[in-house]
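Participant: Give me the fold of what follows.
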Amino acid sequence: MVSGIFVKILSIVLLILVAVVLILGIGTLFKGGETSKKYSNKLMQMRVLLQFIAILVLVSFAYFFKN
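Facilitator: The predicted structure follows:
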């Protein structure tokens, strides 16, 4: 019971983090100028890293908590 709630909460938090970094990266890209040069690429790299972590966590949850 508790592990199921933990899995759901952690999954939602990871997906929200990925979405927030994606939105920030796209916003920075469209803003342009010096801000875009400085932060856009780093935000997209962070998004890819967060997606990788989220996929690893979700796949491991599916593997270890299967019935």
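
Participant: which residue is nearest the middle of this structure?
Facilitator: Val18 (2.4 Å; Cα atoms, centre = their mean).

Participant: hey, where'd the helices end up in this protein?
Facilitator: For the chain, the helices defined by DSSP state H cover 2-31, 33-35, 41-64.

Participant: Dump the ones you listed into a markdown table; add mean pLDDT as well.
Facilitator: Below are those laid out as a markdown table (pLDDT from 0 to 100):
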| stretch | mean pLDDT |
| --- | --- |
| helix 2-31 | 88 |
| helix 33-35 | 82 |
| helix 41-64 | 90 |
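
Participant: thinking again about what came up before, what's the residue nearest to the centre of the chain in contact with, if anything?
Facilitator: If you count contacts by Cβ atoms under 8 Å, 6 or more residues apart in numbering, Val18 has them with 47, 50-51, 54. All C-beta spots, glycine's among them, are computed from the backbone N, C-alpha and C.

Participant: Scan those residues and report the most crowded one.
Facilitator: Of all these, the highest neighbour tally under other Cβ atoms under 10 Å goes to Arg47, namely 20 neighbours.

Participant: That one touches Val21, doesn't it?
Facilitator: Yes: between Arg47 and Val21 a contact is recorded at 4.5 Å, counting by Cβ atoms under 8 Å.

Participant: any idea how far Leu17 is from the residue nearest to Leu29 when sequence neighbours are not counted?
Facilitator: Spatial nearest neighbour of Leu29, excluding adjacent residues (Cβ to Cβ, 6 or more residues apart in numbering): Ser40 at 4.8 Å. According to Cβ to Cβ, to the nearest Å, Ser40 and Leu17 sit 18 Å apart.

Participant: Nice, that's everything, thank you.
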